[in-house]
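**Q** Give me coordinates for this.
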Amino acid sequence: MLKIDGIPPRLTEQLCEELICQQYWHQGKLVQAVDILFLKVNGRWHQLYFDAGMVFWRLQQEAPVEQQAGEIFAYPLINIGEKFAIQNDIITDCITETLGAKAHGLPWYLKIKALYSLPITIIVRGCSSSSRES
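**A** Numbers count the residues shown, from 1 in each chain. Take a look at the predicted model:
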């Protein structure tokens, strides 16, 4: 079980207004397909990220803004709620766990099931991908 820093929002039975990920690119190569997640639920933005074996939940006042890309680093925003048809759907379940034994640096995932969409599993660290389960 992951350690949690911050207060996880109540997501079950809530409307997923938006689900955005921030990617991390270094010298034109994708390093993390999902570096930070932003969820908008009940008109409030929640930031979710992983570091040093912990899951961090933070409340944000405003929508994420794409950072200006530099020559070396880029942090584009991807609307995965729209991409996977979960935007404006009811979240029926939300799980955050590691994909392996208790160790730092292992991938973790956020699994969201929605009322009218197929479940999505967002894998962060190591695997660096977003995928739809069937």
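
**Q** which element follows the helix or strand where Ile4 lies toward the C-terminus?
**A** Taking DSSP states H and E as the definition, one finds Ile4 inside strand 3-5. Moving toward the C-terminus from strand 3-5, the next helix or strand (DSSP H and E) is strand 14-26.

**Q** what residues does that next one touch?
**A** For strand 14-26, contacts defined as Cβ atoms under 8 Å, 6 or more residues apart in numbering pick out 30-43, 63-64, 69, 72-81, 84, 86-91, 112, 114, 122, 130. (Each C-beta comes from the backbone N, C-alpha and C, glycine too.)

**Q** So what are the sheet partners of it and their directions?
**A** strand 29-41 (antiparallel), strand 73-74 (antiparallel), strand 77-79 (antiparallel), strand 89-98 (antiparallel) (DSSP bridges).

**Q** Reformat these as TSV; add mean neighbour count.
**A** Formatted as TSV, these follow (neighbours: other Cβ atoms under 10 Å):
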stretch	mean neighbour count
strand 29-41	18
strand 73-74	15
strand 77-79	15
strand 89-98	16
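
**Q** burial measure for Ala69, as a count.
**A** Neighbour count of Ala69, defined by other Cβ atoms under 10 Å: 11.

**Q** That one: helix or strand, and which one exactly?
**A** With DSSP H and E as criterion, Ala69 is part of no helix or strand.

**Q** you'd agree Met81 is in a strand?
**A** No Met there; residue 81 is Gly. No: Gly81 is assigned helix when assessed by DSSP: H, G, I helix; E, B strand; the rest coil, not a strand.

**Q** which residues touch it?
**A** Counting by Cβ under 8 Å, 6+ apart, Gly81 touches 16, 18-20, 87-88.

**Q** Just the CA trace of stretch 54-61, in CSV.
**A** The C-alpha trace of stretch 54-61 is given here as CSV (Å, rounded to 0.1, in the frame of the first residue of the first chain):
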residue,chain,number,x,y,z
MET,A,54,4.4,8.3,-1.9
VAL,A,55,1.2,9.6,-3.6
PHE,A,56,0.7,13.3,-3.3
TRP,A,57,-2.8,14.9,-3.5
ARG,A,58,-3.0,18.7,-3.8
LEU,A,59,-5.9,21.0,-4.3
GLN,A,60,-5.5,23.6,-7.0
GLN,A,61,-7.4,26.8,-7.4
